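Q: structure for the following, please:
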Amino acid sequence: MSEALENVRESLSLHFEGLIADGAPLPQPQEVDVHATNPDYAGGVWALVDFDVTPFLGKAVRFNATLPEYLLARIDVYVQTHPQQKSRSGFLADAALRVLQQS
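A: Reported below is the predicted structural model:
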């Protein structure tokens, strides 16, 4: 099973690279329920795969932002206490992606 999930990550990377090369939009995530009720996937084995899309979003661009001091301090504390958050910028990018994916 672990080898199959690693193959899924590799396939996703290749698929996203192809979409970028073709200038096609990246797929938007959907709730598992959307797929689970799809008759095309009936009887399949389900697994969730952690896949970081940020390498496919383009190069990083520096910009200035203004935030309230209290909010910035809370963001910094969160980043310091959650090792999965590499930086303040990464936190803000993750938060923005979550909001944009919901719309």
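
Q: any idea how far Ser11 is from Glu3?
A: 13 Å (Cβ to Cβ, to the nearest Å). (C-beta placed from N, C-alpha, C; glycine too.)

Q: out of those two, which sits in the busier spot?
A: Counted by other Cβ atoms under 10 Å, Glu3 and Ser11 do not tie: Ser11 has more neighbours, with 11 against 7.

Q: could I have the CA atoms of the strand or helix carrying the more buried one written out in PDB?
A: Using DSSP states H and E, Ser11 falls within helix 2-22. What follows is helix 2-22, C-alpha atoms only, in PDB (Å, rounded to 0.1, in the frame of the first residue of the first chain):
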ATOM      1  CA  SER A   2       2.800   2.400   0.900                       C
ATOM      2  CA  GLU A   3       4.400   1.800  -2.500                       C
ATOM      3  CA  ALA A   4       1.100   2.400  -4.300                       C
ATOM      4  CA  LEU A   5       0.700   5.800  -2.400                       C
ATOM      5  CA  GLU A   6       4.200   6.800  -3.400                       C
ATOM      6  CA  ASN A   7       3.300   5.900  -7.000                       C
ATOM      7  CA  VAL A   8       0.300   8.200  -6.700                       C
ATOM      8  CA  ARG A   9       2.500  11.100  -5.600                       C
ATOM      9  CA  GLU A  10       4.800  10.500  -8.500                       C
ATOM     10  CA  SER A  11       1.900  10.300 -10.900                       C
ATOM     11  CA  LEU A  12       0.400  13.500  -9.500                       C
ATOM     12  CA  SER A  13       3.800  15.300 -10.000                       C
ATOM     13  CA  LEU A  14       4.000  14.200 -13.600                       C
ATOM     14  CA  HIS A  15       0.400  15.100 -14.300                       C
ATOM     15  CA  PHE A  16       0.900  18.600 -12.800                       C
ATOM     16  CA  GLU A  17       4.100  19.100 -14.800                       C
ATOM     17  CA  GLY A  18       2.200  18.200 -17.900                       C
ATOM     18  CA  LEU A  19      -0.600  20.500 -17.200                       C
ATOM     19  CA  ILE A  20       1.900  23.400 -16.500                       C
ATOM     20  CA  ALA A  21       3.700  22.600 -19.800                       C
ATOM     21  CA  ASP A  22       0.400  22.700 -21.700                       C
END
